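Colleague: kindly return the folded structure for what I paste below:
(one chain, ligands or ions: 3)
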Amino acid sequence: MKIDVQIDRVMGELADLAAFSAVPAPAVTRIVFSEQDLRARAWLRRLCTDAGLSVREDAVGNTLFRWVGTDLKAAAVASGSHIDAIPNAGRFDGTVGVVGALEAIRALRAAGFVPRRSIELILFTSEEPTRFGVGCLGSRLLSGALSTKQAEQLLDTDGNTLASVRRTAGFGGNLATVRLRPNQYAGFVELHIEQGPLLEREGIPLGIVTHIAAPASLRVDIEGEGGHAGAVLMPERRDALVAAAELMLAIEAAALATGSNDTVATTGVCQIFPGAVNSIPSRVQLGVDVRDIELQRRDSVLGAIETAAKEVRLRRKVSVAIETINADPPAACDPDIVTALTTASEQQNLRYRRIVSRAYHDSLFMSRICPVAMLFIPCRKGISHRPDEYASEKDIANGIRVLADTLARLAI
Ligand code: HGY
Ligand code: MN
Ligand code: MN
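Modeller: Ligands and ions are numbered 1, 2, ... in the order given. The predicted structure follows:
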């Protein structure tokens, strides 16, 4: 079957989608349930209904666009990703997997393919942790990795409850209805930029993901004693920010100490109170992200962070409270779905390599309820979560063509 990807249409749609942003191009900021996110969702819905897909929105805004197959009893196959974007991000993270899946479906329909299994494009809500502090909110609820009780307790960065935010966005249903039955899907395949440098460096157009790293995120609250920057003598201080600085260095050292490149740790958020140049910081809140493809090694870093916190607490006479926001296991991709991707790549005469995903994705949670695999395309210098994130037309077209071929194999 000849799969004809209309790449000009896809690039135009990616450009249109990038324009739904709270900041000027080339940066993209599209926070979940923001005005930009809601406009982007409405835009996507129009594209998908124009393509003949049915639409189902769940209570947290996951949106499932379906091409109904001939066998209504058969489990569907699905693809998809996210369109929310962290502050000052790029235009390809997530969106390639959403617009790409739509184009794969349009190409199969144009080629006259008739799926036995329904084929679904899933738009996941809030893959990024920006607003509610936890990543993959929508796919966690779909897979049961997050309970409705835990979700109802989530507050956004302004202290609003998830319930109030999602209702204002037009998603007012009961969260308990979000969870999918296991085996509702025969397979899920996510197309995504690599967000790393390997494919480009090796000149290989496709990465077939075998494992998705295990993410953990911590909130660390450090409390010392504030005071006048001129009046309080150095030996009498309990400076929360200097204590935080020591802990951040210990976090970096803990990741390096494993000796594995697969261990990473980042302190991405540091909020200082009161934040005045002539006032000793009394409180600091850190946001820490720790990952590894091996669970034990990831957890050993979490243990080392606890030990370092104890040491800083005692020596600097500050309080240090560590809250684990999430600490998820890694996922192994399904061998049959991986084989479908390798066969499709060979069918499309494209070279590929097996690869590990260091970023987490909604596939990590979909893997709890169905067989999954991911298909990566190169991104320039591996750059992502930055305005200069870039994927070429050619690489995007290759990814969509192989995705379409794979979905067709899974849907017959
Ligand atoms: O942080 C991640 O791995 C993903 O891009 N949200
Ligand atoms: Mn991302
Ligand atoms: Mn992503």
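Colleague: could I get the buried residue list for stretch 272-280?
Modeller: I280 (16 or more other Cβ atoms under 10 Å). Placement of C-beta: from N, CA and C, glycine included.
Colleague: please enumerate residues in contact with that stretch?
Modeller: Residues from elsewhere that reach stretch 272-280 (Cβ atoms under 8 Å, 6 or more residues apart in numbering): 224-230, 232, 237, 239-241, 281-284.
Colleague: find the closest residue to ligand 3 in the stretch 301-412 of the chain.
Modeller: H361 (5.7 Å; Cβ to the ion).
Colleague: now the buried members of the contacts of stretch 272-280.
Modeller: For the contacts of stretch 272-280, buried by 16+ other Cβ under 10 Å: 224-227, 232, 237, 239-241, 281-284.
Colleague: just flag the most distant two among these.
Modeller: Maximum pairwise distance among those (Cβ to Cβ): 16.9 Å, between V232 and V284.
Colleague: so which bits of the stretch 1-150 of the chain are right by ligand 1?
Modeller: Residues of the stretch 1-150 of the chain found near ligand 1 (Cβ under 6 Å from any ligand atom) are 127-128, 135.
Colleague: shouldn't V338 be within a strand?
Modeller: No - going by DSSP: H, G, I helix; E, B strand; the rest coil, the assignment for V338 is helix, not a strand.
Colleague: surely it touches M374?
Modeller: No - the criterion here is Cβ atoms under 8 Å, and V338 misses it with M374 at 9.4 Å.
Colleague: shared neighbours of these two, which are they?
Modeller: Residues touching both V338 and M374 (Cβ under 8 Å, 6+ apart): I208.
Colleague: of those two, who's got more company?
Modeller: The neighbour count for V338 versus M374, taken as other Cβ atoms under 10 Å, is higher for M374 (31 against 21).
Colleague: which SS class is the more buried one?
Modeller: From three-state DSSP, the assignment for M374 is strand.
Colleague: so who does it touch?
Modeller: For M374, the contacting residues are 189-192, 208-209, 212, 333, 357, 361, 363, by Cβ under 8 Å, 6+ apart.
Colleague: now it, which residues is it bridged with?
Modeller: Taking DSSP bridges, one obtains E190, V209 as the residues bridged to M374.
Colleague: centre of the chain to stretch 6-14, how far?
Modeller: Chain-centre distance of stretch 6-14: 23 Å, with Cα atoms, centre = their mean, to the nearest Å.
Colleague: now do stretch 287-295
Modeller: 14 Å.
Colleague: and that stretch, does that touch ligand 1?
Modeller: No - between stretch 287-295 and ligand 1, judged by Cβ under 6 Å from any ligand atom, nothing touches; the nearest distance is 7.2 Å.
Colleague: per-residue pLDDT of the residue of the chain most remote from its centre, please?
Modeller: Each residue of the chain has a distance to the centre, and by Cα atoms, centre = their mean the biggest one is for A231: 46.6 Å. We have a pLDDT of 97 for A231.
Colleague: ditto for D336
Modeller: Per-residue pLDDT puts D336 at 98.
Colleague: what about it, distance to V372?
Modeller: Computed as Cβ to Cβ, to the nearest Å, the D336 to V372 distance reads 11 Å.
Colleague: which neighbours do the two share?
Modeller: G187.
Colleague: who has more neighbours out of those two?
Modeller: V372 (27 against 13).
Colleague: list the contacts for the more buried one?
Modeller: Taking Cβ under 8 Å, 6+ apart, one finds 187-190, 331, 333-334, 337, 363, 366 in contact with V372.
Colleague: quick revisit: inside helices: which ones of the buried ones among the contacts of stretch 272-280?
Modeller: Among those, the ones falling in helices (DSSP state H) are 240-241.
Colleague: which members of the buried ones among the contacts of stretch 272-280 occur in strands, if any?
Modeller: 227, 283-284 (DSSP state E).
Colleague: make a markdown table from the residues you listed and add pLDDT and distance to D4 to it.
Modeller: Shown next, in a markdown table, are those (pLDDT from 0 to 100; distance: Cβ to Cβ, whole Å):
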| residue | pLDDT | distance to D4 |
| --- | --- | --- |
| G227 | 98 | 69 |
| R283 | 98 | 58 |
| V284 | 98 | 55 |
